[in-house]
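> Build the 3D model from these lines:
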Amino acid sequence: LPSPAQVAISIPKKNIRSAVSRNLIRRRVREAYRKNKQILYDRLTRGNIQIAFVLVYKQCSITDYKTAERFVSEVIQTLCRLVGEIRQNP
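Below is the predicted model of the structure:
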C-alpha cells in the first residue's frame, strides 16, 4: 500500500436514493476522514502496520458535517485502539 491506511466510502442507493445526496454525504465523510486521519497514520506507522477498511453509511437521512466528523472520529479512535491491541498480542 502506498500509505498506512486506505479507506473506501460506501453509501448504499437503497438508503439514499438521490445521487446528489449520496455525493454530498461522501464529500462530508471524506473531508472528516482527511482532517482526522493523522492520528490513525501515526499509530499505524509506529506499529509498522498497513490497513484497508470500508466506511458504510447506514442512515436513511443526510447528516450535517459535524455529525459526520464525530462518527468518523469515533471510528478512527476505535481503529487506533484495535491497532494497539494487535501490537500487544501478535
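
> I'd like to know how far the closest residue in space to R28 that isn't next to it in sequence sits from K37.
If the residues on either side of it in the chain are set aside, R28 comes closest to A68, at 4.4 Å by Cβ to Cβ, 6 or more residues apart in numbering. For the C-beta atoms, the positions are set from N, CA and C on the backbone; glycine is no exception. Here A68 is placed at a distance of 14 Å from K37 (Cβ to Cβ, to the nearest Å).

> Compare these two and say which is more crowded by neighbours.
Higher neighbour count among A68 and K37: A68, with 22 against 17, using other Cβ atoms under 10 Å.

> In this structure the more buried one contacts R30, no?
No - with contact defined as Cβ atoms under 8 Å, A68 and R30 do not form a contacting pair (9.5 Å).

> shared neighbours of the two, anything?
Applying Cβ atoms under 8 Å, 6 or more residues apart in numbering, one finds that no residue jointly contacts A68 and R30.

> So for stretch 56-70, first residue to last residue, what's the gap.
15 Å (Cα to Cα, to the nearest Å).

> Next, the buried residues of the helix or strand where the residue nearest to R28 lies.
Assigned by DSSP states H and E, A68 belongs to helix 65-88. The neighbour-count check on helix 65-88 (16 or more other Cβ atoms under 10 Å) flags 68-69, 71-72, 75-76, 79, 83 as buried.

> of all the residues you listed, which two lie farthest apart?
A68 and V83 (22.5 Å; Cβ to Cβ).

> how about the helices in this protein?
Ranges of helices in the chain, per DSSP state H, are 19-47, 65-88.

> hey, which helix or strand in this structure has the poorest pLDDT?
Ranked by mean pLDDT, DSSP states H and E, the weakest helix or strand in the chain is helix 65-88, scoring a mean of 90.

> For V83, list the residues it contacts.
Listed by Cβ under 8 Å, 6+ apart, the contact partners of V83 are 40, 43-44, 47, 49, 51.

> List just the nearest of the residues you listed to S21.
Distances from S21 to the contacts of V83, taken by Cβ to Cβ, are shortest for L40, at 27.2 Å.
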